[in-house]
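Novice: Here is the input, now give the coordinates:
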Amino acid sequence: MKAPVLIFGWGNPSRGDDAVGPLLVERIDALNFPGVECLTDFQLQVEHALDLKGRQRVLFIDASVDAASPFTVTPLIPGKDASFTSHAMSPQAILHAFAQLEGHPPPPSWLLAIRGESFELGEPLSSSVELHLKAAQTWVESWLAA
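Specialist: The predicted structure follows:
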C-alpha cells in the first residue's frame, strides 16, 4: 500500500541551487512523517506519473529563478504542454499523463518553487538559498501536519 502523501523533489545536486528540491525532500524524509513517501530524481519523466497512483495529495518541489523569495506554492492542474514529448517534463504534464493513463483526475497537487540564484556546475548552495530552504522546510512541515 502506498503512502497517501507523496513529496517529490527534483534537481541536479552538482549545479548549485538546483540541488534545493532533493535536499529539502531528504530533510523531510529524515523526519519520518507517517503516511509520507519522499522521492527525488534529476528531472521529471513520464514514468513519474505512476508514482501518483493511490495518493491523496502530492507536493512537487523544485528550484526556480522566477519564484518570489523565499518560495512560492502553487496549486497544479493537469496540462499538456511542450514538455509532454520531451525527456524532462513539467509537473502539469505529469498530472496530465496520470489522467490519461488512469482515466480519472490526479490527486490534488502543488508546486513548491524555491527561489534560487546560482545554478553553475560545481557551485555550492548560495547563502540566500540556505535561508530559503529553511523557510520552505518550515512550510512543508506545517503542510504535512494539516
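Novice: make it CA atoms for all contacts and neighbour counts henceforth
Specialist: Noted.
Novice: what's around residue 45, how many residues?
Specialist: For residue 45, the tally of surrounding residues (other C-alpha atoms under 10 Å) stands at 19.
Novice: pLDDT score for the residue nearest to residue 97 when sequence neighbours are not counted?
Specialist: Of all residues beyond its chain neighbours, the one nearest residue 97 is residue 49 (6.1 Å), with distances taken as C-alpha to C-alpha, 6 or more residues apart in numbering. If you check residue 49, the pLDDT there is 95.
Novice: three-state assignment of residue 49?
Specialist: helix (DSSP: H, G, I helix; E, B strand; the rest coil).
Novice: Could you shift the numbering so residue one becomes 25, and keep it that way?
Specialist: Understood, numbering begins at 25; the last thing we discussed is residue 73.
Novice: contacting residues around the most far-flung residue of the chain relative to its centre?
Specialist: Distance from the C-alpha centroid of the chain peaks at residue 127, with 23.3 Å (C-alpha atoms, centre = their mean). For residue 127, no contacting residues are found, by C-alpha atoms under 8 Å, 6 or more residues apart in numbering.
Novice: thinking again about what came up before, verify the stated contact: the residue nearest to residue 121 with residue 122.
Specialist: Yes - between residue 73 and residue 122 a contact is recorded at 4.9 Å, counting by C-alpha atoms under 8 Å.
Novice: For those two, indicate the residue with more neighbours.
Specialist: Between residue 73 and residue 122, counted using other C-alpha under 10 Å, residue 122 has the larger neighbour count: 24 against 21.
Novice: Mind giving me the packing neighbours of the helix or strand that the more buried one is a member of?
Specialist: Residue 122 belongs to helix 115-126 when elements are defined using DSSP states H and E. Contacting helix 115-126 under the criterion 3 or more C-alpha pairs under 8 Å, 6 or more residues apart in numbering; DSSP states H and E is no other helix or strand.
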